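Q: no sequence on hand, only this structure:
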């Protein structure tokens, strides 16, 4: 489809005169005026905007309404391109569903599901639009193009937005829109714009599309000291925690808690690397309290994951057995609700408030703490940030390589679980402090490490899922579920299926780790992070493995 032509009218242009002038021309036909409310939806992390699309709920509240069959349609869900205005999908709806899996079965909207995944659609801003539309027709009365003029205001407000004129091409008439644009430019001063009224409304409401991402984006100062780098990373992670806290409490969708927990885990990993930089009493307190945060958020997250995985569980069963599994879903929903209630109570506790307050005050002035700059207490506090980050990353890398090389096909499952923890610590070191090093060097290492983590994660998930399903089965029987027996049989079938997945992951590990441990990666790690000699490594005892208590 041809590109949409969108313009703003310069000050002083008279929209009424413009419309009347076009209407008098024989080649134009006025279409019924409409009053429309448009509410913009997106996920918290702007997944639709990242695809350069927007999802809107359009409600016709005035003027002649479009019809579908014999009944007028007053409410549409419209998915369109931001850049061209092309409608990618349209569906008559009364309410906007919260999740992709609640969308009605419509081929044009099926492509939304892999974009939205498990994130909730959130209403962002509503505008009320007065729309006038004229169509350019040929000698046979066929529509060649349209000019649409929109005057909008924020909902429940007298605040007017800038009027927008759009020239909308019609398929099959590629040059008509250009001719129409030239005709308009003779009558009024047109200024091309990329945004429409909804974009302006988002800006006026204080939204900045794309301003949140779960990815850690840092630019650490290579000239800074170790303490500066540690605090900068912790600041960014704490900001992520806080921005996700409200959604975590309200249980809007599972990703709020997921992102909150990732920030907590990264924080714990950075604190573990901060020995010799943060005074020991404070460091011990923070590590203890952030471990508590990890513990109190685990039950809800576990049930979230099982509920997200449930469709895969069901799909792995023979069709005749799938209905038997439904008591498991009811069990998961109920226990997720109970775990969520306990989580909110913990976040409302004095302990959490004290942690947040103390943590915020320390980060605001980290050198005010007792012994914060005493070289006998914190010998690495003034160490160059690049040298500090390289040494800690090198130590984490050596642990991964040492433990990974020891694993054989006969090694117990615990050895793979321990390696998974080591790999996670190395990944966090690369992500949190990677901006101190060349991005084109760090990126490939993260990619190779992620491939190892994926297979270790699959192996760990299978181990945990088997144990959890057995535990769930026992709890369902203890809670007196009348229809537990068929569900237990179905869960037994699931465990057999998970056993096979676990075997495949175990078989894949050797190749994945060998690829990570290849000569070119070893050379790159040493070039970026390695000391000049092994003897220098012993000069900093804090760089030895000291994070065994972190999970």
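A: Received, thanks. Note that the structure is a prediction, hence the values are computed from the model and not measured.
Q: residues contacting residue 497?
A: The neighbours of residue 497, taking CB atoms under 8 Å, 6 or more residues apart in numbering as the test, are residue 316. C-betas here are computed from N, CA, C, even on glycine.
Q: can you list the low-confidence ranges for this protein?
A: Applying pLDDT under 70 to the chain picks out residues 1-4, 9-15, 62-73, 188-190, 194-196, 481-483, 533-551.
Q: now the strands for it?
A: 5-9, 28-42, 53-63, 67-68, 71-72, 75-81, 87-92, 122-137, 143-154, 164-169, 190-192 (DSSP state E).
Q: what segments of the stretch 251-400 of the chain are helices?
A: Applying DSSP state H, counting those that start in this stretch to the stretch 251-400 of the chain gives helices spanning 254-273, 280-315, 326-347, 350-364, 385-406.
Q: can you put these in JSON lines and add mean neighbour count?
A: Output for the helices of the stretch 251-400 of the chain, formatted as JSON lines (neighbours: other CB atoms under 10 Å):
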{"stretch": "helix 254-273", "mean neighbour count": "22"}
{"stretch": "helix 280-315", "mean neighbour count": "17"}
{"stretch": "helix 326-347", "mean neighbour count": "16"}
{"stretch": "helix 350-364", "mean neighbour count": "14"}
{"stretch": "helix 385-406", "mean neighbour count": "21"}
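Q: pretty sure residue 510 is touching residue 411, no?
A: No - checked against CB atoms under 8 Å, the pair residue 510 and residue 411 is beyond contact range at 10.8 Å.
Q: domain map for the chain?
A: The chain breaks down into these domains under automatic domain parsing: 5-204, 214-383, 384-540.
Q: quick one, what contacts the nearest residue to residue 224 once chain neighbours are set aside?
A: Leaving aside its chain neighbours, residue 224 sits nearest to residue 385 (4.5 Å; criterion: CB to CB, 6 or more residues apart in numbering). Residues near residue 385 by CB under 8 Å, 6+ apart: 220-226, 228-229, 433, 436.
Q: same question, residue 266
A: Residue 266 touches 216, 233, 237, 428, 431-432, counting by CB under 8 Å, 6+ apart.
Q: how does it look with 10 Å?
A: By CB atoms under 10 Å, 6 or more residues apart in numbering, residue 266 lies in contact with 216, 233-234, 236-237, 240-241, 424, 427-429, 431-432.
Q: please name the bridge partners of residue 278.
A: residue 275 (DSSP bridges).
Q: just to check, it is in contact with residue 373?
A: No - using CB atoms under 10 Å, residue 278 is not in contact with residue 373, being 11.4 Å away.
Q: which of those two has more neighbours?
A: Counting neighbours by other CB atoms under 10 Å for residue 278 and for residue 373 shows that residue 278 has the greater number, 28 against 14.
Q: ok, that one - contacts?
A: 226-227, 230-231, 234, 270-271, 284, 286-287, 362, 366, 369, 372, 377-378, 380-381.
Q: try 8 Å
A: 227, 230, 271, 286, 366, 378.
Q: hang on, the earlier thing: could you dump the contacts of residue 266 into JSON lines and include neighbour count and distance to residue 144?
A: Output for these, formatted as JSON lines (neighbours: other CB atoms under 10 Å; distance: CB to CB, whole Å):
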{"residue": "216", "neighbour count": "17", "distance to residue 144": "51"}
{"residue": "233", "neighbour count": "25", "distance to residue 144": "58"}
{"residue": "234", "neighbour count": "23", "distance to residue 144": "60"}
{"residue": "236", "neighbour count": "17", "distance to residue 144": "53"}
{"residue": "237", "neighbour count": "24", "distance to residue 144": "56"}
{"residue": "240", "neighbour count": "22", "distance to residue 144": "51"}
{"residue": "241", "neighbour count": "21", "distance to residue 144": "55"}
{"residue": "424", "neighbour count": "21", "distance to residue 144": "60"}
{"residue": "427", "neighbour count": "21", "distance to residue 144": "56"}
{"residue": "428", "neighbour count": "25", "distance to residue 144": "58"}
{"residue": "429", "neighbour count": "24", "distance to residue 144": "61"}
{"residue": "431", "neighbour count": "17", "distance to residue 144": "53"}
{"residue": "432", "neighbour count": "27", "distance to residue 144": "57"}
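Q: could the residues you listed go into a markdown table alongside distance to residue 527?
A: A markdown table is the format used below for those (distance: CB to CB, whole Å):
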| residue | distance to residue 527 |
| --- | --- |
| 216 | 23 |
| 233 | 23 |
| 234 | 28 |
| 236 | 27 |
| 237 | 28 |
| 240 | 31 |
| 241 | 34 |
| 424 | 23 |
| 427 | 19 |
| 428 | 21 |
| 429 | 16 |
| 431 | 19 |
| 432 | 20 |
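Q: that older thread, which one of the contacts of residue 385 is nearest residue 37?
A: Set against residue 37, the nearest of those by CB to CB is residue 220 (45.6 Å).
Q: and the closest residue in space to residue 261 that isn't next to it in sequence, how close does it get to residue 209?
A: Leaving out its chain neighbours, the residue that sits closest to residue 261 by CB to CB, 6+ apart is residue 297, at 5.2 Å. Note on residue 297: its distance to residue 209, by CB to CB, to the nearest Å, is 28 Å.
Q: repeat that for residue 170.
A: From residue 170 to residue 209 the distance is 29 Å (CB to CB).
Q: swap in residue 24?
A: Distance from residue 24 to residue 209, by CB to CB: 40 Å.
Q: same deal with residue 283?
A: Counting by CB to CB, the gap from residue 283 to residue 209 is 39 Å.
Q: what's the lengthiest helix in the chain packed up against?
A: If you go by DSSP state H, the chain has its longest helix at helix 439-478. Helix 439-478 is packed against helix 280-315, helix 326-347, helix 413-433, helix 484-516, helix 519-529, with contacts defined by 3 or more CB pairs under 8 Å, 6 or more residues apart in numbering; DSSP states H and E.
Q: and those helices as JSON lines, adding distance to residue 60?
A: Listed next are the helices and strands packed on helix 439-478 as JSON lines, based on distance: least, CB to CB, whole Å:
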{"stretch": "helix 280-315", "distance to residue 60": "35"}
{"stretch": "helix 326-347", "distance to residue 60": "37"}
{"stretch": "helix 413-433", "distance to residue 60": "48"}
{"stretch": "helix 484-516", "distance to residue 60": "47"}
{"stretch": "helix 519-529", "distance to residue 60": "59"}
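Q: so for residue 185, which of these sits nearest?
A: helix 413-433 (50.8 Å).
Q: and that closest one, which residues are buried?
A: Within helix 413-433, the residues that count as buried by 16 or more other CB atoms under 10 Å are 416, 418-433.
Q: surely residue 465 touches residue 491?
A: No - under the criterion of CB under 8 Å, residue 465 is not in contact with residue 491, lying 10.4 Å apart.
Q: for the helices and strands packed on helix 439-478, which one sits closest to residue 399?
A: helix 413-433 (4.7 Å).
Q: just to revisit the earlier point, and residue 24 and residue 209? Which one has more around it.
A: residue 209 (17 against 8).
Q: all good on my end, thank you.
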